[in-house]
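Peer 1: Build me a model:
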Amino acid sequence: MNEQTSFGLITTIEVPTALSAKGSCWTKEGLLLANYVYDEDKANYLLNYTIVGNNGELKDIEEDKGVLPTLFLSPNQVNFVSLVTLDDEEQTLSFPILDKEQRLFKGSKSFNGRFVGTTEESSIFYDVDIWDDNKADVMFVLRFEEDSLIEEQKIAIPFPKGNKISISAGHINLITEVEDGWLHREIDEEGVELRSRILDFEFPFVHEALSLSFDSKSYLLCEENGVIGIVEIEVNGECSYGELLTIGDEFFGTWHPQVINENTTATQFTTEFGNGWLVIRNDELVEIFYNKNKRGYKNLLNEEILSIDNNDLVVSGISVVGGQKDTFGVVFYPRKPRKEMYNKVFVLQRSVN
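Peer 2: Numbers count the residues shown, from 1 in each chain. As a prediction, this is how the structure comes out:
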């Protein structure tokens, strides 16, 4: 079912039994979702991909090679998935979703981290162990030749750890707090440092790097005590901080920013009382939708409220939508008690132009 609203097109994906949202990603046809779809007894499930087109049309693809899908893009923007096999070895299999004639790449079962972007030859994942101060950040590098995945590398990033990462124009940049400021590094796919500098500035808590570069302005998303702000870093290293909005609730978590265009990102967040997303263009807050206490997603800049179903929803993921300019997709699922399941998800396609 599709509904055109002032907020964008909302598509409902519904099954007669139950489903579980497992990720979403850009695809040239629109938005690609991965869901578990359960049988009538709700004891077994199949992995199913759904492509949501720009007009809400749906295309389903069943998957039988594994579970625990991780969706990502190759350097040529081909949709890939990494699955955990169901055999005794519990390897990972990575392959293009829409072209299964290509060979399957068998990887290690230690593959993890969040997909953060691509370089000219590789897809990059990054993982930070927040529980062990002695464990280095890890970068997982999947190397390609044309559209074929040929190698997996697990690279321990030299300390300090706890880096925020940004990939732009094939350049991998990291930033983290150190004793005398903030360390900004550019590294290559082997983890070798190419450039570094210390930024002498006391930032509020940095949640995400919206953009990082030695050759252009950089922006960091901050939030502390419910005050959202942004740090602007000039090419010469000078830093300035500005408050964007006070929401009164601290962020519990944020997700890796999704790049809508060269100067605009969308970032998903949660708090103690709800969840939502915000869109930032350079140093300007374009919109922030926050569903607090199940009252709908309110745009805190203009008080408009996006209501879907009974409003007791969680944002599953945010991804850029293919085939439309400056458009991103937000996937929602109903919040349920622990032993209950849901049977539908909602997809909002929203333009920020």
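
Peer 1: centre of the chain versus stretch 179-198, how much separation?
Peer 2: On the basis of C-alpha atoms, centre = their mean, to the nearest Å, stretch 179-198 sits 23 Å off its chain's mean C-alpha point.

Peer 1: Leu220: how many residues sit nearby?
Peer 2: 25 (other C-beta atoms under 10 Å). Where you see a C-beta, it was placed from the backbone N, CA and C, and this is true even at glycine.

Peer 1: Next one: it from Ile308, what distance?
Peer 2: 31 Å (C-beta to C-beta, to the nearest Å).

Peer 1: what's the neighbour count on Pro204?
Peer 2: There are 17 residues near Pro204, going by other C-beta under 10 Å.

Peer 1: Ok, the one 4 residues further on next?
Peer 2: Around Glu208 there are 22 other residues, counting by other C-beta under 10 Å.

Peer 1: can you give me the strands for the stretch 151-300 of the chain?
Peer 2: Per DSSP state E, counting those that start in this stretch, the stretch 151-300 of the chain carries strands over the ranges 164-168, 171-178, 181-187, 193-199, 206-211, 218-224, 227-233, 239-246, 251-254, 258-261, 264-271, 274-281, 284-292, 297-299.

Peer 1: Contacts for the second one, please.
Peer 2: Outside strand 171-178, the residues within contact range by C-beta atoms under 8 Å, 6 or more residues apart in numbering are 119, 124, 139, 157, 160-167, 182-189, 198-199, 203, 206, 209, 212-214, 218, 220.

Peer 1: at 6 Å what do you get?
Peer 2: Strand 171-178 is contacted by residues 160, 162-166, 182-187, 209, 212 when judged by C-beta atoms under 6 Å, 6 or more residues apart in numbering.

Peer 1: of all the residues you listed, which comes closest to Ala18?
Peer 2: Lowest distance from Ala18 to those (C-beta to C-beta) belongs to Ile165, with 35.2 Å.

Peer 1: Apart from its chain neighbours, what residue comes closest to that closest one?
Peer 2: Leaving aside its chain neighbours, Ile165 sits nearest to Tyr126 (4.9 Å; criterion: C-beta to C-beta, 6 or more residues apart in numbering).

Peer 1: What separation do you get for that neighbour and Leu183?
Peer 2: Relative to Leu183, Tyr126 is positioned 16 Å away (C-beta to C-beta).

Peer 1: do the same with Glu190
Peer 2: Distance from Glu190 to Leu183, by C-beta to C-beta: 19 Å.

Peer 1: for Glu90, same thing?
Peer 2: Glu90 is 37 Å from Leu183, by C-beta to C-beta.

Peer 1: Does Arg195 touch Phe214 like I think?
Peer 2: Yes. With contact defined as C-beta atoms under 6 Å, Arg195 reaches Phe214; the gap is 5.4 Å.

Peer 1: higher neighbour count, the two?
Peer 2: A count of neighbours by other C-beta under 10 Å puts Phe214 above the other of Arg195 and Phe214, at 17 against 12.

Peer 1: can you pull the contacts of that one?
Peer 2: Contacts of Phe214 (C-beta under 6 Å, 6+ apart): Arg195.

Peer 1: mind starting the numbering at 21 from now?
Peer 2: That works, and once the first residue is 21, the last one we named lands at Phe234.

Peer 1: Local confidence estimate at it?
Peer 2: pLDDT, Phe234: 97.

Peer 1: Distance of it relative to Ser186?
Peer 2: With distances taken as C-beta to C-beta, Phe234 is found 12 Å from Ser186.

Peer 1: and if you look at Ile81?
Peer 2: Applying C-beta to C-beta to Ile81 and Ser186 gives a distance of 32 Å.

Peer 1: For these two, indicate the residue with more neighbours.
Peer 2: Ser186 (25 against 14).
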